[in-house]
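[1] Dropping a prediction and its sequence here:
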Amino acid sequence: MLTVALIPGSFDPFHNGHLEVVERSARLFDEVVVAALRNPQKAEPLFTLAEREEMLQESLAHLPNVRIVSVSTLVVTVARDVGATTIVKGLRAVSDFENELQMAQMNRELASIETLFVPTSSTYSFIAARLLREVARYGGDVSAFVPKPVFTRLQKKFAQ
C-alpha cells in the first residue's frame, strides 16, 4: 500500500526548518505532498500562492517523491484529494504543540486522518517565517536560514 503524507503550511517564506521536516518525511513515506495554503488568519502574505509554489518546487526538486500543490481550502479536503493518510506537522517548541494538537484533533474528528508531529532539530528551532520576513525587510542576511531559491526571491522582493 502506498503511504502518502500531506505537509500543509503557509510557507511564507519556506525555510530550512520546513525543509528539514519535508526531507525527513520523504524518508518515511512513499509520497509527500507539500501544500502551500492561503491562511485567512494570517496577515497579507509576502508572496502569492503561485510564488510560494514556485519556491517550493525549486527548493524541493532534489526529492523525487515530493510533489507540490497550492490551495485555498480545508486541510482535510486537500488530504482527501491527494489520498493522504497522514498529516505531518513540524514542531519547533512546546508553544507550537498546543495549537497543532487542537488542529490535529479537529482534523481527526472531521476526516479520521492522523497527524504525525516531527520535532525540528535544535539547529532550526528558532526559525519562524515571521522573523525571516522582518529581518529580510530591513536588509538582514537570512541566507543561512532559507534555501537558495527563497533567498533570491527575498532579495528581489525587498530590493524594490
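    Yes, it's here.

[2] Which helix runs longest in the chain?
    What stands out as the longest helix in the chain, according to DSSP state H, is helix 94-111.

[3] who touches the nearest residue to residue 72 once chain neighbours are set aside in this structure?
    Excluding the flanking residues, the one nearest residue 72 by CB to CB, 6 or more residues apart in numbering is residue 38, at 4.2 Å. Every residue, glycine included, has its C-beta placed from N, CA and C. For residue 38, the contact set (CB atoms under 8 Å, 6 or more residues apart in numbering) comprises 10, 45, 49, 71, 72.

[4] which of these lies closest to residue 21?
    Using CB to CB, residue 10 is the member of the contacts of residue 38 that sits closest to residue 21, with 14.0 Å.

[5] what two of the contacts of residue 38 are the furthest from one another?
    So, these by CB to CB: farthest apart are 45 and 71, at 13.9 Å.

[6] Spit out the contact partners of residue 154.
    Counted by CB under 8 Å, 6+ apart, residue 154 has contacts 13, 132, 136, 142, 146.

[7] next one: residue 120
    So residue 120 contacts 17, 20, 21, 90, 91, 92 (CB under 8 Å, 6+ apart).

[8] Also residue 115?
    86, 87, 88, 89, 100, 103, 104, 107, 108.

[9] Might one say that the third one is in contact with residue 25?
    Yes - proximity of residue 88 to residue 25 meets the contact threshold set by CB atoms under 8 Å, at 4.9 Å.

[10] list residues touching both of these two?
    5, 7, 32, 118.

[11] who wins for neighbours among those residues?
    Neighbour counts for the shared contacts of residue 88 and residue 25 (other CB atoms under 10 Å) peak at residue 32, which has 28 neighbours.
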